[in-house]
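> Predicted model and sequence below, questions to follow.
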Amino acid sequence: MTELDNLLEDNYQAIKDPECKQAILDFLDGNESLKGLPLSFIKKFTKVSHNLLTSDPFSLQNYLEKLYNMNIDGVHEVKNFQGNDFNYLQLISMASHLHGYAAAIASQIFKDSQELLWAKRCYTSNRTSARLLKGYNPRYSAYTYGFAGSISKSIYDLTNNELWLHRWYQSKLMSAELAEDIDVTHSAYCYSIAGKASMILYEKHHDTNWGLRCYEHYLQSAEISLETNKKHAAHAYSFAGNAAMELFNHLGDTVWGRLWYESYMSSGEFSLDTEIIHCYNSFRIAGNAARDIYKKTEEIEWAKKWFFALFKSADLSIDVNLRHSINGYSISGDIAEEIFSKTGKTSWAEHMYSSHLKAAELCHQSNPKHSAHQYSYAGNAAKLMAIKSRDDQWIKDTIFCYEKFLDFYTNNNNTRVHNVIKRIRSDVYQLNLALEDPEVPLKVDHHHS
């Protein structure tokens, strides 16, 4: 025993002597329990055996159940210890680590066998280990609660038993809270997992409390990682936005619509320099939130937010998703027209013009027909500005856009748009006259092709 004890002492932090591995295997061959052995030996033997499990799990394949039981034996020895060699905190720490080692062994057996008994033992040991050191070693406790959460999720996946879904949630949330001031990356990750579990529970029961928890956990995950991992923050904001969207659709409360919008705007802003696809999609979804609030409230400010979010999405996607960009500009133009019709402010006619013009220019080669119609919508906006200002440049812009529309249908005759072509030709004639003679009146009527 003295030789083994010395080997354990020398290899306590990591196994470096080849004979130490064999000595452990020999001890496992010759012994069934650790009961009655000195606590100092139990501490060293279980620690070094754990090192071996980590570095060479295959070598322990035939001893895993025995080693698991030996760690549980060690827990009982700690509970019954009467001496003065270890103080209370040392005993608590020892019991916690023995449970942790037992959990690692149970996890390995579960991986090999897929027997639920071992998964449940892994959870119990991890949870006990984490709880024992919660007030003394929050870093260790945080990670161990995380392990308890992960095995809970595995059990839930196998059983569909909601009890394990709740345990997954509770363990990851505890891990997140304990690690917040210690390891922000770990904490942010665990808050996100708690958010994911909350959403599953919300979808099962449509209990708004779970939807609220989902939103809050993802928001917390985003906010604590802003300085260290903007990419993670951006994604967490989008998941918070998804939770807010679900609650808005379920409750009809515009407060949740606003949080949906704000979360996705934040997601877009914080992914601007890291993930352009995620970025422009986030602004698009923020626009969807503003759209739905506008349709519910008819508050023009939400229509404006809808426009700016969608226009920004279109701007950002030009070089990576041309179709998305064209569609975004086109819809932005329609939104600007809606706002102009409600407010009469010429700035929105200008927004309508620039949006449809961008869409027209971008799809000139890929979709000439769509481009032609976008030019006509831009022409309608330019005509509104020409009528308001009687500015020659706006008259010229209107003519340019309308002629682009007419050019397409000169080569692609279509009787379905015959009346539209006729009206636009009449407008072009009238506009050219107005350029030559400022006294010629401009028509106020306005049409879409």
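Now that the structure is in, tell me what you want to look at.
> Report the spatially nearest residue to residue 13, omitting neighbours in sequence.
residue 51 (7.8 Å; Cβ to Cβ, 6 or more residues apart in numbering). For every residue, glycine as well, the C-beta is placed using N, CA and C.
> Which strand or helix spans that neighbour?
Assigning secondary structure by DSSP states H and E places residue 51 in helix 39-55.
> That helix: what's the following helix or strand?
helix 64-79.
> now the next helix or strand after that following helix against helix 64-79, angle please.
Next helix or strand after helix 64-79 toward the C-terminus (DSSP H and E): helix 88-113. If you take axes from the mean of the first three to the mean of the last three Cα atoms, to 10 degrees, helix 88-113 sits at 160 degrees to helix 64-79.
> Show the average pLDDT along the following helix or strand past helix 88-113.
Next along the chain after helix 88-113, taking DSSP H and E as the criterion, comes helix 116-132. Taken as a whole, helix 116-132 has an average pLDDT of 98.
> Show me what helix 116-132 packs onto, helices and strands only.
helix 88-113, helix 138-159, helix 162-179 (3 or more Cβ pairs under 8 Å, 6 or more residues apart in numbering; DSSP states H and E).
> Tell me which of those helices sits nearest to residue 193.
Minimum separation from residue 193 across the helices and strands packed on helix 116-132 (Cβ to Cβ) falls at helix 162-179, 4.3 Å.
> Kindly spell out which helices and strands sit in contact with the closest one.
Contacting helix 162-179 under the criterion 3+ Cβ pairs under 8 Å, 6+ apart are the following elements: helix 116-132, helix 138-159, helix 184-205, helix 208-224.
> With mean neighbour count and distance to residue 61 as extra columns, can I get the ones you listed in CSV?
Formatted as CSV, these follow (neighbours: other Cβ atoms under 10 Å; distance: least, Cβ to Cβ, whole Å):
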stretch, mean neighbour count, distance to residue 61
helix 116-132, 22, 14
helix 138-159, 21, 20
helix 184-205, 21, 31
helix 208-224, 22, 38
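> right, so of the ones you listed, which gets closest to residue 250?
Residue 250 lies closest, by Cβ to Cβ, to one member of those: helix 208-224, at 7.1 Å.
> Just the residues contacting the closest one, thanks.
The contact list for helix 208-224 (Cβ atoms under 8 Å, 6 or more residues apart in numbering) reads 173, 176, 180, 184, 187-189, 191-192, 194-196, 198-199, 201-202, 232-234, 236-237, 239-240, 243-244, 246-247, 250-251, 259, 263, 266, 270.
> Give the next helix or strand downstream of it.
With elements assigned by DSSP H and E, the helix or strand that comes after helix 208-224 is helix 230-251.
> Give me the below-cutoff pLDDT ranges for this protein.
Residue ranges of the chain with pLDDT under 70: 1, 443-449.
> cutoff 90 now
Within the chain, the segments meeting pLDDT under 90 span 1-6, 17-18, 82-85, 274, 388-390, 409-422, 434-449.
> In contact with the residue most central in space within it, which residues?
Central residue of the chain (Cα atoms, centre = their mean): residue 235, 3.2 Å from the mean position. Going by Cβ under 8 Å, 6+ apart, residue 235 touches 267, 271, 278.
> Can I get stretch 96-107 in CSV, CA atoms only?
Output of stretch 96-107 as CSV, limited to C-alpha atoms (Å, rounded to 0.1, in the frame of the first residue of the first chain):
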residue,chain,number,x,y,z
SER,A,96,-18.3,17.0,-3.6
HIS,A,97,-15.3,15.8,-5.7
LEU,A,98,-16.1,12.2,-5.0
HIS,A,99,-19.6,12.8,-6.3
GLY,A,100,-18.1,14.5,-9.3
TYR,A,101,-15.8,11.6,-10.0
ALA,A,102,-18.7,9.1,-9.6
ALA,A,103,-20.7,11.3,-12.1
ALA,A,104,-17.9,11.1,-14.7
ILE,A,105,-17.8,7.3,-14.4
ALA,A,106,-21.6,7.0,-14.6
SER,A,107,-21.5,9.3,-17.7
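> Just the residues contacting that stretch, thanks.
Stretch 96-107 is contacted by residues 42, 46-47, 49-50, 53-54, 64, 67-68, 71-72, 74-75, 78, 118-119, 121-123, 125-126, 128-130, 132-133, 137, 140, 144, 147-148, 151 when judged by Cβ under 8 Å, 6+ apart.
> Reduced to three states, what does the nearest residue to residue 272 once chain neighbours are set aside come out as?
Closest residue to residue 272 apart from its sequence neighbours, by Cβ to Cβ, 6+ apart: residue 279 at 5.3 Å. Secondary structure, DSSP: H, G, I helix; E, B strand; the rest coil: residue 279 is helix.
> Residue 279: neighbour count?
23 (other Cβ atoms under 10 Å).
> And for the one 3 residues further on?
Other residues near residue 282 number 30, with proximity taken as other Cβ under 10 Å.
> Check residue 32 too.
When neighbours are counted by other Cβ under 10 Å, residue 32 registers 10.
> Which strand or helix spans it?
Per DSSP H and E, residue 32 falls between elements, in no helix or strand.
> again, but for residue 393
Here residue 393, judged by DSSP H and E, is contained in helix 392-411.
> And that helix, what's buried?
The neighbour-count check on helix 392-411 (16 or more other Cβ atoms under 10 Å) flags 394-395, 397-399, 401-406, 408-409 as buried.
> now stretch 332-350
Residues of stretch 332-350 classed as buried: 332, 333, 335, 336, 337, 338, 339, 340, 348, 349, 350 (neighbour count, 16+ other Cβ under 10 Å).
> The third one touches residue 307, doesn't it?
Yep, that's residue 335 we're talking about. Yes: Residue 335 sits in contact with residue 307 when judged by Cβ atoms under 8 Å, with a separation of 4.4 Å.
> shared neighbours of the two, which are they?
Counting by Cβ under 8 Å, 6+ apart, residue 335 and residue 307 have no contacts in common.
> Surely residue 17 touches residue 6?
No: counting by Cβ under 8 Å, residue 17 stays clear of residue 6, with 10.0 Å between them.
> mind checking the SS state of residue 375?
Under three-state DSSP, the three-state class of residue 375 is helix.
> Let me see the contact set for it.
So residue 375 contacts 356, 357, 360, 401, 402, 404, 405 (Cβ under 8 Å, 6+ apart).
> For the second one, pull up the helix or strand it's in.
Counting by DSSP H and E, the element that carries residue 357 is helix 346-362.
> Would you mind writing the CA trace of that helix as CSV?
Taking C-alpha atoms only, helix 346-362 is exported to CSV below (Å, rounded to 0.1, in the frame of the first residue of the first chain):
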residue,chain,number,x,y,z
THR,A,346,-42.5,65.1,-49.7
SER,A,347,-39.6,63.4,-48.0
TRP,A,348,-41.5,60.2,-48.2
ALA,A,349,-42.1,60.6,-51.9
GLU,A,350,-38.4,61.0,-52.2
HIS,A,351,-37.9,57.8,-50.2
MET,A,352,-40.4,56.1,-52.5
TYR,A,353,-38.5,57.2,-55.5
SER,A,354,-35.0,56.2,-54.3
SER,A,355,-36.2,52.8,-53.1
HIS,A,356,-38.0,51.8,-56.4
LEU,A,357,-35.1,53.2,-58.4
LYS,A,358,-32.6,51.1,-56.6
ALA,A,359,-34.7,48.0,-57.1
ALA,A,360,-35.1,48.8,-60.8
GLU,A,361,-31.4,49.3,-61.4
LEU,A,362,-30.4,46.2,-59.5
